[in-house]
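>>> Please find the sequence and the predicted model below.
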Amino acid sequence: MRKLIIIILLLFGIALTAFAKTVKDDMRFYYTKPTRTATVDSLLNGDATEVKIPSKVQKGLRVYDVTGIGWYAFWECKRLKSVEIPNSVEYIGDYAFTYCTNLESIEIPGSVTKIEDSAITDCPSLKSIAVDKENKVYDSRGNCNAIIETATNALVTGCQSTVIPNSVTEIGSHAFSGCSTLESVEIPNSVTEIGYKAYENCDGLESVEIPNSVKSLGVYAFRGCKRLKSVKIPNSIRYIIAVFVNCPSLENVELPNSLYEIDSAFAGCKSLKNIQIPNSVKEIGEYAFENCTSLASIEIPDSVKEIGSFAFYNTALESVVIPNSVKEIGEYAFGECAKLKSARVPKDCKLDNHVFPDTCEVVFY
């Protein structure tokens, strides 16, 4: 009887070993014993151009279902061109495919129920995105080359070939982040929100027109778009917070009369020479125009009540008139403005430390 058990165990082990040989790519997994599931931890062969993730893996005498692609699993796999994801995978973690600069295509199987916002970013060669028609959580409606969350109509991930369907209501966080080959974008009137870092570092974008349907622009939505030259912001927007930071080519900006606050919005926009602030604006917040080194003139409307710290730090302003409506100016608001020679300030305005450079003549009225 003992010999029979040993023989059965040996045969079982041989069967498992034979099964394990179906794993073609050199990947590290981490395992969850109670559920007998495995998650891709990393790709050990950084030179791989094609990867097929197995649906099952063996560890010892146990077989585990591969149900997840973990955080950073394929981070900076710069030679990777295609990946085959099995129908066992349910979860794709943050940064799973970030900086896969040669990744050209990806297909999401029907089994996937959760894709983190930053799962597929900074993949400038990505041209083809598809979701299996059996997937009940995500879709690629109309062959749009994007991943859309079906229940919310939020576009989760896009690429250079994406055509945004007019049923999409939100362009999600990181949706096109790092898509440096994206040259133009048409945002349909169905979209009401553009999320955090949605178009960050889209170096090929030169202009963008945001429709009136959009009511919210996420922080860093267009940060680092190096070629962006012009933008028109609709009347539906009330706040612009760090949206266009470090867009060095931005020259023309049309602000709406609905705008209430500008905060860190255009910091580092070195080509911005002038901008008309509408008289709806109540606050020019911190770092609003910091390091706008070409900004030579500004007219602050009577609606503004507060100017934040570093708001016009290191700009090319030569003179400035602060209206009576302004009650407080934060520290270094006009600091390092080497060309600023004169400033007129209401006598009841509260000034923080080092608001103006020492070379500037400040006249209170």
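Right, received. Where do you want to start? Numbers count the residues shown, from 1 in each chain.

>>> Gly142 - that's part of a helix, no?
Yes: counting by DSSP: H, G, I helix; E, B strand; the rest coil, Gly142 falls inside a helix.

>>> ok, it to Ala198 distance?
20 Å (C-beta to C-beta, to the nearest Å). Bear in mind the C-beta positions are built from the backbone N, C-alpha and C, glycine included.

>>> Would you mind telling me which of the two has the busier surroundings?
Taking other C-beta atoms under 10 Å, Gly142 and Ala198 do not tie; Ala198 has more neighbours (26 against 12).

>>> pretty sure that one contacts Gly178?
No: using C-beta atoms under 8 Å as the test, Ala198 is too far from Gly178 to be in contact (11.2 Å).

>>> Now do the helices in this protein.
In the chain, the helices defined using DSSP state H lie at 2-20.

>>> what's Glu170 in contact with, if anything?
By C-beta atoms under 8 Å, 6 or more residues apart in numbering, Glu170 lies in contact with Thr152, Asn153, Ala154, Leu155, Val191, Thr192, Glu193, Ile194, Gly195.

>>> pLDDT (mean, whole number) over stretch 149-163?
Averaged over stretch 149-163, pLDDT sits at 98.

>>> That one: end-to-end distance?
One end of stretch 149-163 sits 15 Å from the other (C-alpha to C-alpha, to the nearest Å).

>>> buried ones in it?
Glu149, Asn153, Ala154, Leu155, Val156, Thr157, Gly158, Cys159, Gln160, Thr162 (16 or more other C-beta atoms under 10 Å).

>>> In the residues you listed, find the pair that's most separated.
Taking C-beta to C-beta as the measure, those span a maximum distance of 21.7 Å, between Asn153 and Gln160.

>>> returning to that earlier point: and which of the contacts of Glu170 is nearest Asn166?
Nearest to Asn166 out of these is Val191 (C-beta to C-beta; 8.8 Å).

>>> and the closest residue to Ile275 other than its chain neighbours, how many residues sit next to it?
With C-beta to C-beta, 6 or more residues apart in numbering as the criterion, Ile275 has its nearest non-adjacent residue at 5.5 Å, and that residue is Val253. Using other C-beta under 10 Å, Val253 has 20 other residues around it.

>>> residues contacting Val253?
So, once contact is read as C-beta under 8 Å, 6+ apart, Val253 ends up touching Ser230, Val231, Ile233, Phe244, Phe266, Leu272, Ile275.

>>> beta partners of the first one?
Right, the one you point to is Ser230. Note on Ser230: beta-bridge partners by DSSP bridges are Ser207, Asn252.

>>> on that earlier part again, just the buried ones among the contacts of Val253, please.
Buried by 16+ other C-beta under 10 Å: Val231, Ile233, Phe244, Phe266, Leu272, Ile275, out of the contacts of Val253.

>>> Could you identify the most distant pair in these?
Longest span within the buried ones among the contacts of Val253, C-beta to C-beta: Ile233 and Leu272, 13.9 Å.

>>> how close does Tyr72 get to Glu186?
Taking C-beta to C-beta as the measure, Tyr72 falls 33 Å from Glu186.

>>> Just want to know which of those two has more residues nearby.
Tyr72 (16 against 10).

>>> residues touching the closest residue to that one other than its chain neighbours, list them.
Among residues not flanking Tyr72 along the chain, Tyr95 sits closest, at 5.0 Å (C-beta to C-beta, 6+ apart). Counting by C-beta under 8 Å, 6+ apart, Tyr95 touches Trp71, Tyr72, Trp75, Ser118, Ala119, Thr121.

>>> Among the buried residues of stretch 149-163, which are located in strands?
Judged by DSSP state E, those include Glu149, Ala154, Leu155, Val156, Thr157 as members of strands.

>>> can I get those residues in TSV with distance to Asn135?
Converted to TSV, those look like this (distance: C-beta to C-beta, whole Å):
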residue	distance to Asn135
Glu149	11
Ala154	15
Leu155	15
Val156	12
Thr157	14
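
>>> now the closest residue to Pro301 other than its chain neighbours: how far from Asp302?
Distance criterion C-beta to C-beta, 6+ apart; nearest residue to Pro301, sequence neighbours excluded, is Asn279 at 4.0 Å. Distance, Asn279 to Asp302, using C-beta to C-beta: 7 Å.

>>> Next: Asn201.
Taken as C-beta to C-beta, the span from Asn201 to Asp302 is 38 Å.

>>> ditto for Glu254
Taken as C-beta to C-beta, the span from Glu254 to Asp302 is 21 Å.

>>> okay, the two: which has more neighbours?
Using other C-beta under 10 Å, the more surrounded residue of Glu254 and Asp302 is Glu254, with 13 against 10.

>>> Least confident secondary structure element in the protein?
helix 2-20 (a mean of 40; mean pLDDT, DSSP states H and E).

>>> what does the domain assignment say about the protein?
For the chain, automatic domain parsing gives the domain ranges 14-103, 124-228, 231-365.

>>> Report the distance from the last one to the chain centre.
The chain centroid and the centroid of domain 231-365 are separated by 26 Å under C-alpha atoms, centre = their mean, to the nearest Å.

>>> That domain spans what distance, first to last residue?
One end of domain 231-365 to the other measures 37 Å (C-alpha to C-alpha).

>>> Ok, stretch 33-52 next?
Taking C-alpha to C-alpha, stretch 33-52 runs 23 Å from one end to the other.
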